[in-house]
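Peer 1: no sequence for this one, just the structure:
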């Protein structure tokens, strides 16, 4: 454990800390509580921005609004900056406070969710780019299945973030179970797009852009699942990732 903290300290140019005397433990605990609260607020602000970006990216695709798509893409650098800042703050907490148990799980979960949110923002930008490309084909009919899939993915993102904020493991399980429906819808969307391309070769280019958008939506849903899984770990200390059959529900209980 000490060697890991030394590595963090070297990375952040912070002197490695020795075990604090008892009289300092309470003061350090108060600092950790404050730093955790600030990082949590930053993460919630980031989640709100990313959720809006996904909404706008889908809107730009469905409503053929290139200006909205450009607005989404223009936010990417700011999202990257915020993501880096949150990660740095979490690393500093690990190095300075040497958290254990629930505090350690909370910090590591915030770091992982922070990364998921940044990847979602990237995928929203990718969808916006596809929307700009599809905008050049006004006669191309956007299928309803893609719009339905977008609503499903957005709903998963909202519920996963809600589960994290409320520390609701059963809501997190619902998000995990929702993923199969999105995967199935993606298969349906691809089948329809393939049919469109086979019937009319002039539709190949816009259909391929929609194919990519569908794949990006599926990936956004996968990140929502990751947030839900990490929420369960944060609350219960239990890893449910990669389980073929996750629990149906959890009893009211949390790990220390």
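Peer 2: Received it, and whenever you're ready, just let me know what you need. Remember, it's a predicted structure, so these values are computed and weren't measured experimentally.
Peer 1: rest of the way, CA atoms for contacts and neighbours
Peer 2: OK.
Peer 1: just the buried residues of stretch 227-240, please?
Peer 2: If you call a residue buried by 16 or more other C-alpha atoms under 10 Å, then stretch 227-240 has these buried ones: 227, 228, 229, 230, 231, 232, 233, 234, 235, 236, 237, 240.
Peer 1: tell me where this protein has helices.
Peer 2: Along the chain, counting by DSSP state H, helices occupy 2-12, 22-62, 66-73, 76-97, 101-134, 144-166, 169-199, 204-236.
Peer 1: coming back round to it: could I get the buried residues of stretch 227-240 as JSON lines with distance to residue 33 and pLDDT?
Peer 2: Listed next are the buried residues of stretch 227-240 as JSON lines, based on distance: C-alpha to C-alpha, whole Å; pLDDT from 0 to 100:
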{"residue": "227", "distance to residue 33": "22", "pLDDT": "97"}
{"residue": "228", "distance to residue 33": "23", "pLDDT": "97"}
{"residue": "229", "distance to residue 33": "24", "pLDDT": "96"}
{"residue": "230", "distance to residue 33": "20", "pLDDT": "96"}
{"residue": "231", "distance to residue 33": "19", "pLDDT": "96"}
{"residue": "232", "distance to residue 33": "21", "pLDDT": "95"}
{"residue": "233", "distance to residue 33": "20", "pLDDT": "95"}
{"residue": "234", "distance to residue 33": "16", "pLDDT": "95"}
{"residue": "235", "distance to residue 33": "17", "pLDDT": "94"}
{"residue": "236", "distance to residue 33": "20", "pLDDT": "92"}
{"residue": "237", "distance to residue 33": "20", "pLDDT": "90"}
{"residue": "240", "distance to residue 33": "27", "pLDDT": "88"}
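Peer 1: quickly, which of the helices of the chain bottoms out on average pLDDT?
Peer 2: Among the helices of the chain, helix 2-12 carries the lowest mean pLDDT, a mean of 46.
Peer 1: contacting residues around residue 137?
Peer 2: Residue 137 is in contact with residue 206, counting by C-alpha atoms under 8 Å, 6 or more residues apart in numbering.
Peer 1: any figure for the gap between it and residue 242?
Peer 2: The gap separating residue 137 from residue 242 is 41 Å, by C-alpha to C-alpha, to the nearest Å.
Peer 1: please apply the same query to residue 188.
Peer 2: In terms of C-alpha to C-alpha, residue 188 sits 24 Å off from residue 242.
Peer 1: so which of these two has more stuff around it?
Peer 2: The residue with more neighbours, out of residue 188 and residue 242, is residue 188; 15 against 8, by other C-alpha atoms under 10 Å.
Peer 1: hmm, that one is touching residue 145, no?
Peer 2: Yes - the pair residue 188 / residue 145 is scored as a contact, 7.4 Å apart, by C-alpha atoms under 8 Å.
Peer 1: what do those two both touch?
Peer 2: Residues touching both residue 188 and residue 145 (C-alpha under 8 Å, 6+ apart): there are none.
Peer 1: so residue 169 touches residue 232, yeah?
Peer 2: Yes - here residue 169 reaches residue 232: they are 5.3 Å apart, a contact under C-alpha under 8 Å.
Peer 1: what is in contact with these two at once?
Peer 2: By C-alpha under 8 Å, 6+ apart, no residue touches both residue 169 and residue 232.
Peer 1: any idea how far residue 74 is from the nearest residue to residue 73 once chain neighbours are set aside?
Peer 2: Nearest residue to residue 73 in three dimensions, chain neighbours excluded: residue 125, at 5.0 Å (C-alpha to C-alpha, 6 or more residues apart in numbering). Plainly put, residue 125 is 9 Å away from residue 74 if you go by C-alpha to C-alpha.
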